[in-house]
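# Quick one, fold the following:
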Amino acid sequence: MGSRSPQPWRDALAYPGVASATRTTLVSAFVAVPVALALAMIALGWIAPTGTARAGLPLVAAKILSWLLATPHAAFALGLAFLIAPSGWLVRLVALAVPIDTPPDLLVPRDPWGLSLAAGIVLKEMPFLFFAGLTALSQLDAARTVGIGAALGYRPGIAWFKLVAPRLYALIRLPVYAALAYALSAVDMALVLGPATPPTLAVLAVDLTHDPDLARRFPAAALALLHPMLTLAALGLWRMLEMALARALRPMPSDGVHAGGVRAVGGARRPHCRLGKSRDRHTRDRFAALVAGRDPAVPDPGGRIVARRCVAARSPGFPGCRRATASPSRSPPHCLRCSARSPGCSASAACRSVRRGGRALAALPLVPSGCRLP
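Predicted structure coming up:
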């Protein structure tokens, strides 16, 4: 008992099914957590983009998510198993309309890749991440940020995902790590939804601990120590994926890609009046400042604030429209007056200013004359 032999580690690594159990654990966790995070972000953008649930159907959806969050994990797993089993309630409901002689031959739940377990973890962790993000949104001035993005020519939903979502993820990073750690170490849901031969790594360690053969206790202890190491390695891998994805998506908030076109002042849609991509360095700087939470007004070396290309409208209806600039004006105070610099581009009718603390943050001669943002 007092010897420090590596034999328990050898026995644990050589135990039948350890490699498959590790694979199932990693697959179920790395499938469930990204899907749950994506669904939570989409739900936040629809239900409560500014931190408060909107009235109507979004408020009802928020209450349903709170019910899912309050349901115990084991009870939720049992209910999901009865729902998705080959002879479960879903198949029985389908059988009312479609004649089915025998249940489908599907290994659901308890599939060998742990996808049923991943589905259960998604449905349980998505409400957790949703309410974590809902709490974090109170620390962000999401309404002002979305308003600035929409004034710069972005639809509110696109502005939310480009300007609010990256900053929101930075605030809920620890809840995401907690969800990943739970997905790697879940025992109650894995016993119901996970595979049995072999089970996940956490269930395998628990089974060896309960084995009547006392010689199995040493490999069980080794697996119990191996599991935190696997969790730390998975968290490190997730962090590296975060950094790689952040580097790849860094140009996204300032790429100038809009959703759809703009509407004419009469309410009719003009199919050729489109918001194009912006190549203006100062516009990209303003969007990068928004993502970083800084003042988005970035003056150019000449003391002028260059607005978005007006708006690179290359349609036949607006020939010669290339760029509009905004220069400081004393009347009215703290306002930026728009002035067109290219023939055929009249931006004064669409001039807007975004204020904070009594001063203008950006002048937005964004659309050619005769158009307005949706």
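
# now the strands: where do they sit in the chain?
261-264, 269-274, 305-306, 324-329, 335-340, 353-356, 359-363, 371-372 (DSSP state E).

# counting contacts, what elements does the longest helix anywhere in the chain pack onto?
Longest among the helix segments of the chain by residue count, using DSSP state H, is helix 217-248. Contact partners of helix 217-248 among helices and strands, from 3 or more CB pairs under 8 Å, 6 or more residues apart in numbering; DSSP states H and E: helix 7-14, helix 18-47, helix 173-185, helix 201-209. Heads up, the C-betas are built off the backbone N, CA and C, glycines and all.

# Quick one: closest of those to Ala165.
Set against Ala165 and scored by CB to CB, the helices and strands packed on helix 217-248 come closest in helix 18-47, at 5.7 Å.

# List the buried residues of that closest one.
For helix 18-47, a neighbour-count test (16 or more other CB atoms under 10 Å) marks 18, 20-33, 35-37, 39-41, 43-45, 47 as buried.

# Please apply the same query to stretch 191-210.
Buried residues in stretch 191-210 (16+ other CB under 10 Å): 191-195, 198-208.

# just the residues you listed: which has the poorest pLDDT?
Minimum pLDDT for the buried residues of stretch 191-210 is recorded at Pro198 (88).

# Can you list the low-confidence ranges for the stretch 151-300 of the chain?
For the stretch 151-300 of the chain, the stretches flagged by pLDDT under 70 are 253-300.

# repeat that for 50
260-280, 291, 293, 295, 297-300 (pLDDT under 50).

# got the end-to-end distance for stretch 165-183?
23 Å (CA to CA, to the nearest Å).

# With stretch 132-148 instead?
For stretch 132-148, the first-to-last residue distance is 25 Å (CA to CA).

# Could you give the number of residues near the closest residue to Ser87 other than its chain neighbours?
Nearest non-adjacent residue to Ser87, counting by CB to CB, 6 or more residues apart in numbering: Pro103, 4.3 Å away. Pro103 has 13 neighbouring residues, counting by other CB atoms under 10 Å.

# Quick check: Pro103 touching Leu90?
No. Here Pro103 does not reach Leu90: they are 10.8 Å apart, not a contact under CB atoms under 8 Å.
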